[in-house]
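**Q** Return a 3D structure for these sequence lines:
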Amino acid sequence: MNFNLNPGMTRRGLLSTLSAALIALPMLGGDVAAQAKSGGTLTVARPADVSSMNVYNHATIEDEIVHPMVFDTLVYGANNAEGYGPGLAESWTFDAAANAYTFKLRDNAKFADGSALTAADVVFSINESKEKSANYKGLIAGVTGVEAVGDHSVKVTLAGVDNLFLAGLTWVYIVPNNYGGMSADDFFAKPNASGPFTMAEWTPGSSMTLAKNPNYWNTGKPYLDAVEMKIISGDNERLAAFQSGGIDLYENVRFDFMGQVPASNQHIVNPTARTMLLYSNNYKPPFDNIEVRKALSMAINRDAIQKALWPNLSVPVQGLLMPGTADTVPATNGTWDYDPEAAKAALAGSPTPNAKIRLAAAYLRGVDEVLVQTIQSQLQEAGFEVELNISDFNTILGQVLNNDFDVWLLGNTTFGTTAAEMFNFYASAFGPLGGWDLPKIGADLAEYRTATDKAGREEAVRKFENLMRETYAASPVGHPATVFGVADGVKGLETMVTSAYRLDQVWLDR
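**A** Numbers count the residues shown, from 1 in each chain. The predicted structure follows:
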């Protein structure tokens, strides 16, 4: 069984996959849109800069926040049973006998320079993504053919039933055919946008300004004239900038900072598609032994953490895949119950009693000092000797990629609207790095990919979750909310359980 849907993944690709995010939301309702005002500049703080505008080499979550503002996709995530809605493609049909989708493009679609966006551009973009995407070509690996059907329709033929394909399309950014006659490097240095904004100015490491795309297909959007993204790396500095009015949108407010953001300026996403996760290295002692993994899991008092750290801001632990996204179901076998005495016994009876471990964490995406210290204390009560390894995200990720870690506490967020993206992510990235049962996970993923109905997809997910719960390959801690700080006068911000949003829907009333 080939578990890895992205066999060409490099260390950079793994970094990308572990860091990536997608912005995708349905259109604003008519009543809200009628109230919207055009004009103005929205200022957003970013903890880090984009690494590249090349959509195939993205390496950070910041890349995946900016790319969908500049490059459109056929399909958007949506709050519906399927998890998808129309984007650049206004509709699509599926021919089950031929295993083929036909996408109807919007007749008025254009690039920022005013040139028509046609089926030839989409064909080129899908083929480029399938060949070059560092992260997501595995999701569209089942594509066997792409062809233009006139100027405004594209037919995509698949090898068979494929429940990963639409998830993959949310990552296929549309660029001009053959990059408009330019080299890829020259094009991405100053891209011809297909999305709602163009890249107006970029000072690497400092700021980026996006300007309204005057030829965007969605008439009247975006409402904003511009978006200014400031790079403010420190948590305290971002909070201060929000409090002083220097920024309008403050993403991922730390839970221990919430008291410093007025309730009227808090936008809370709850439930959210996030799992706080203890990710152990099962390749080497002590976590190569299942008794130690059991001890790790049973030592965590999840209920106490939720009540003390995230009161009314989390949902009970379901599993590794995120609640609220389509096709996810809880595990039915195994246990993540808090049992301190059993944890002590399991560790004491293992080959490494009083195991010395390093707990790695970066303070972002819901991980803060209070959570880290709580986890450290609970593990120590079970008999672990815990040394903290606190650093920035990329430093810790580098250690993980080099197999230089014991256990990593992270806030793992999906920006896909179904189980597909994260299921593929666990199989192709987390599984190999952590030492999971790859053939079994690969079989479960293949079953999900080819299931013919929702019940079949959910059964494949349940098998995966049961495997994780029985073998303690990774231990979820909770599913806490995501909190945004939103300045007075910022309107139209809509978020999904994924915490994703579209800035072309935001407007200013001030």
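**Q** need the strands for the stretch 1-150 of the chain, in chain order.
**A** For the stretch 1-150 of the chain, the strands defined by DSSP state E, counting those that start in this stretch occupy 41-46, 75-77, 84-86, 89-95, 100-105, 143-148.
**Q** Buried residues in the helix or strand where Met199 lies, which are they?
**A** Assessed by DSSP states H and E, Met199 sits inside strand 197-203. For strand 197-203, burial by neighbour count (16 or more other CB atoms under 10 Å) applies to 197-199, 202. Using the backbone N, CA and C atoms, a C-beta is placed for each residue, glycine as well.
**Q** can I get those in JSON lines with pLDDT and distance to Asp339?
**A** Shown next, in JSON lines, are those (pLDDT from 0 to 100; distance: CB to CB, whole Å):
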{"residue": "Phe197", "pLDDT": "97", "distance to Asp339": "52"}
{"residue": "Thr198", "pLDDT": "97", "distance to Asp339": "56"}
{"residue": "Met199", "pLDDT": "96", "distance to Asp339": "53"}
{"residue": "Trp202", "pLDDT": "95", "distance to Asp339": "53"}
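**Q** ok, which pair from the residues you listed is furthest apart?
**A** Phe197 and Trp202 (12.4 Å; CB to CB).
**Q** any idea what sits nearest Met298, other than its immediate chain neighbours?
**A** Ala343 (3.9 Å; CB to CB, 6 or more residues apart in numbering).
**Q** likewise Gly456?
**A** Glu447 (7.4 Å).
**Q** and the strands of the stretch 1-150 of the chain, which is most packed in?
**A** Among the strands of the stretch 1-150 of the chain, strand 75-77 has the highest mean neighbour count (mean count of other CB atoms under 10 Å), at a mean of 27.
**Q** partners of it in the sheet?
**A** strand 84-86 (antiparallel) (DSSP bridges).
**Q** how distant is the partner strand from the center of its chain?
**A** Here the centre of strand 84-86 is set off from its chain's centre by 17 Å, with CA atoms, centre = their mean, to the nearest Å.
**Q** who's in contact with Arg449?
**A** 142, 161-164 (CB atoms under 8 Å, 6 or more residues apart in numbering).
**Q** Is it possible to get JSON lines of the residues you listed that adds neighbour count and pLDDT?
**A** JSON lines is the format used below for the contacts of Arg449 (neighbours: other CB atoms under 10 Å; pLDDT from 0 to 100):
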{"residue": "Gly142", "neighbour count": "22", "pLDDT": "94"}
{"residue": "Val161", "neighbour count": "14", "pLDDT": "93"}
{"residue": "Asp162", "neighbour count": "20", "pLDDT": "94"}
{"residue": "Asn163", "neighbour count": "23", "pLDDT": "93"}
{"residue": "Leu164", "neighbour count": "25", "pLDDT": "92"}
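**Q** from these, which single one is nearest Leu42?
**A** Taking these together and measuring to Leu42 by CB to CB, the closest member is Leu164, at 33.9 Å.
**Q** my guess is that closest one contacts Lys137, does it?
**A** No: applying CB atoms under 8 Å as the test, Leu164 and Lys137 come out as separate, 11.1 Å apart.
**Q** ok, Asn403 touching Asn281?
**A** Yes: here Asn403 reaches Asn281: they are 6.8 Å apart, a contact under CB under 8 Å.
**Q** who has more neighbours, those two?
**A** With neighbours defined as other CB atoms under 10 Å, Asn403 and Asn281 compare such that Asn281 has more, 23 against 12.
**Q** contacting residues for the residue of the chain most remote from its centre?
**A** Farthest-out residue of the chain from its mean C-alpha position, per CA atoms, centre = their mean: Gly349, at 38.5 Å. Applying CB under 8 Å, 6+ apart, we find Gly349 in contact with Glu291.
**Q** Distance of it relative to Lys294?
**A** 10 Å (CB to CB, to the nearest Å).
**Q** who's in contact with the helix or strand the residue nearest to Met298 falls within?
**A** In this assignment (DSSP H and E), Ala343 forms part of helix 340-348. Helix 340-348 is contacted from outside by 291-292, 294-299, 301, 353-355, 381-384, using CB under 8 Å, 6+ apart.
**Q** quick revisit: pick the one among the buried residues of strand 197-203 closest to Ala481.
**A** Closest to Ala481, out of all of the buried residues of strand 197-203 and judged by CB to CB, is Phe197, at 28.0 Å.
**Q** Bridging across strands, which residues link to the closest one?
**A** Lys212.
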